[in-house]
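Visitor: got a sequence here, can you model it:
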Amino acid sequence: GPGVSQEAKAAFERGATVVPLMRTGGASSGQFDFPPGATVQLDFASKQQWSLLQDKGASVHKSAEAAASIVMKCPAKTTTAMEAQRLRSELGHDARIVCILGGTAFRNGDSKALVEAIAAKLGKLTDAKMKFVTGGMKGVQEAFAKSCGDGSRVWNLLPVGESSGYGTGTDINAGKDLDERKIIFGLLGDIYISVEGGPGVSQEAKAAFERGATVVPLMRTGGASSGQFDFPPGATVQLDFASKQQWSLLQDKGASVHKSAEAAASIVMKCPAKTTTAMEAQRLRSELGHDARIVCILGGTAFRNGDSKALVEAIAAKLGKLTDAKMKFVTGGMKGVQEAFAKSCGDGSRVWNLLPVGESSGYGTGTDINAGKDLDERKIIFGLLGDIYISVEGGPGVSQE
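Guide: Numbers count the residues shown, from 1 in each chain. Predicted coordinates:
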């Protein structure tokens with residue numbers, strides 16, 4: 001159903017490989033807003049193999065053989081989540097990463113002075129764990145970088161092969177283009193300061209907010225940061241560790257730049273450390289092995305198609321016989337597709353079942369691991385974890401992951 005679509009979409013958009021068993025119907029056949037690109041033949045799969053994922057009349061054995069072969073041939077590639085994890089490691093696992101969001105040109109008369117004042121205040125901090133990341137763009141990000149102390153705690157994240165030209169801070173590279181860089185930027189930070197901006201700023205703020213990062217919007221500057229362009233509504237609600245007066249100073253266009261800057265810097269400094277979904281995915285990847293090839297299983301909690309269960313069991317049995325110890329299999333600990341896979345994948349020694357904190361799969365095989373306070377958080381983490389996703393039947397939730 002819909003859950004499968006939701007999970008597949010998140011994985012596909014960050015660059016993971018999706019292998020959809022289209023013959024099983026539901027989300028995996030392209031319904032429920034399943035990502036259209038995920039049903040296009042993969043360039044390392046043969047035409048015959050891809051046809052066997054679609055053909056309802058093909059034998060279970062042949063379709064299973066094709067699916068397992070595609071998974072095994074899947075080339076290793078670096079996903080946006082893996083790149084974000086690499087950067088976090090380089091900046092320090094215990095770093096508090098503050099990302100700067102904003103337009104490439106200032107629209108509001110005092111926005112530049114406000115950004116410079118905030119940067120100057122944060123640049124004087126003695127907390128060496130707090131590090132600042134820009135996207136290397138003109139406008140808001142450049143103004144921040146050039147005003148944040150001596151630049152020793154500023155990093156400018158740009159696509160591979162590009163440089164900021166700021167003359168301050170350290171340029172770092174990730175992502176083949178601006179779109180990939182934006183996704184990585186949205187996965188990297190603990191805190192996001194948002195100034196002015198348009199749809200792009202809203203998109204990045206939304207991605208960060210939805211995975212649990214803290215957003216500090218300078219609402220007085222207008223644009224996306226004031227709630228326009230589909231900016232996440234929850235991000236403009238007063239943070240519980242900010243005072244009413246401080247939050248008001250982020251909104252009040254009539255307040256002095258000094259007072260608003262003081263309020264914003266204080267909120268950032270007081271922001272409590274918390275574990276985001278991206279950090280949890282990074283932790284799990286580390287536990288499974290940084291060089292692991294992680295194959296995640298997506299599917300509904302009950303079988304709708306007559307031969308889907310046999311197909312899942314046959315694929316699991318074939319993959320369970322692999323001698324490649326780097327390939328590891330992760331389910332979401334649910335009934336239906338994921339349970340059938342776990343129970344048929346060899347002796348279960350390479351199967352992990354990811355559940356919300358405090359829950360167990362009850363499978364009796366594989367190793368249960370926990371992340372996320374509830375099912376929604378667990379789904380986000382699941383969508384950030386894998387290199388390859390095998391999709392069977394399902395609804396909107398599977399499409400989203």
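Visitor: got any ranges where this protein has weak pLDDT?
Guide: 1-2, 397-401 (pLDDT under 70).
Visitor: now do the strands in it.
Guide: In the chain, the strands defined using DSSP state E lie at 2-4, 17-21, 96-102, 130-134, 154-158, 170-173, 191-195, 214-218, 293-299, 327-331, 351-355, 367-370, 388-392.
Visitor: what's the spacing between residue 131 and residue 151?
Guide: 12 Å (Cβ to Cβ, to the nearest Å). For the C-beta atoms, the positions are set from N, CA and C on the backbone; glycine is no exception.
Visitor: then residue 26?
Guide: Taking Cβ to Cβ, one finds residue 26 at 52 Å from residue 151.
Visitor: and the two? Which one has more around it.
Guide: Using other Cβ atoms under 10 Å as the criterion, residue 26 and residue 151 rank with residue 26 on top: 28 against 18.
Visitor: how about the closest residue in space to that one that isn't next to it in sequence, phi and psi?
Guide: Of all residues not flanking residue 26 in the chain, residue 393 sits nearest, at 4.1 Å (Cβ to Cβ, 6 or more residues apart in numbering). Backbone torsions of residue 393, given as degrees, to the nearest 10, read phi 50, psi -130.
Visitor: do the same with residue 126
Guide: The phi/psi pair for residue 126 (degrees, to the nearest 10) is phi -90, psi -10.
Visitor: which residues are in contact with the residue nearest to residue 130 when sequence neighbours are not counted?
Guide: Distances taken as Cβ to Cβ, 6+ apart place residue 96 nearest to residue 130, at 4.6 Å, with adjacent residues excluded. Taking Cβ atoms under 8 Å, 6 or more residues apart in numbering as the criterion, residue 96 is in contact with 127, 129-131, 190-191, 271, 273.
Visitor: what does residue 394 give?
Guide: 1, 3-5, 8, 26-28, 32, 298-300, 337 are the contacts of residue 394 under Cβ under 8 Å, 6+ apart.
Visitor: any figure for the gap between it and residue 195?
Guide: From residue 394 to residue 195 the distance is 40 Å (Cβ to Cβ).
Visitor: how about residue 205?
Guide: From residue 205 to residue 195 the distance is 11 Å (Cβ to Cβ).
Visitor: which residues do the two both contact?
Guide: Common contact partners of residue 205 and residue 195 (Cβ under 8 Å, 6+ apart): residue 101.
Visitor: more neighbours: which of these two?
Guide: Higher neighbour count among residue 205 and residue 195: residue 195, with 32 against 26, using other Cβ under 10 Å.
Visitor: what's the closest non-adjacent residue to residue 272?
Guide: Leaving aside its chain neighbours, residue 272 sits nearest to residue 241 (6.2 Å; criterion: Cβ to Cβ, 6+ apart).
Visitor: hmm, I was thinking of residue 10
Guide: Once flanking residues are discounted, residue 10 sits nearest to residue 383: 3.5 Å by Cβ to Cβ, 6+ apart.
Visitor: could you redo the contacts of residue 394 as a markdown table and give each row distance to residue 252?
Guide: Formatted as a markdown table, those follow (distance: Cβ to Cβ, whole Å):
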| residue | distance to residue 252 |
| --- | --- |
| 1 | 46 |
| 3 | 42 |
| 4 | 46 |
| 5 | 43 |
| 8 | 44 |
| 26 | 51 |
| 27 | 47 |
| 28 | 51 |
| 32 | 44 |
| 298 | 47 |
| 299 | 51 |
| 300 | 50 |
| 337 | 53 |
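Visitor: report the two of these separated the most.
Guide: 32 and 337 (15.1 Å; Cβ to Cβ).
Visitor: more neighbours, these two?
Guide: For residue 32 versus residue 337, the count of surrounding residues by other Cβ under 10 Å is larger for residue 337: 31 against 23.
Visitor: partner residues bridging the nearest residue to the more buried one once chain neighbours are set aside?
Guide: In space, and not counting its chain neighbours, residue 337 is closest to residue 299: 2.5 Å by Cβ to Cβ, 6+ apart. In this entry, residue 299 is beta-bridged to residue 392, by DSSP bridges.
Visitor: wait, residue 299 sits on residue 4?
Guide: Yes: here residue 299 reaches residue 4: they are 6.3 Å apart, a contact under Cβ atoms under 8 Å.
Visitor: overlap in contacts, the two.
Guide: 28, 391, 393-394, 398.
Visitor: specify which member of those residues is nearest to residue 140.
Guide: For the shared contacts of residue 299 and residue 4, the nearest to residue 140 is residue 398 (37.7 Å; Cβ to Cβ).
Visitor: look up how far residue 224 lies from residue 107.
Guide: For residue 107 relative to residue 224 (Cβ to Cβ), the value is 11 Å.
Visitor: do residue 357 as well
Guide: For residue 357, the distance to residue 224 - Cβ to Cβ - is 33 Å.
Visitor: quick one, phi/psi of residue 358?
Guide: According to degrees, to the nearest 10, residue 358 has phi 90, psi -10.
Visitor: contact partners for it?
Guide: residue 370.
Visitor: so residue 15 touches residue 79, yeah?
Guide: Yes: in terms of Cβ under 8 Å, residue 15 counts as a neighbour of residue 79; the distance is 4.2 Å.
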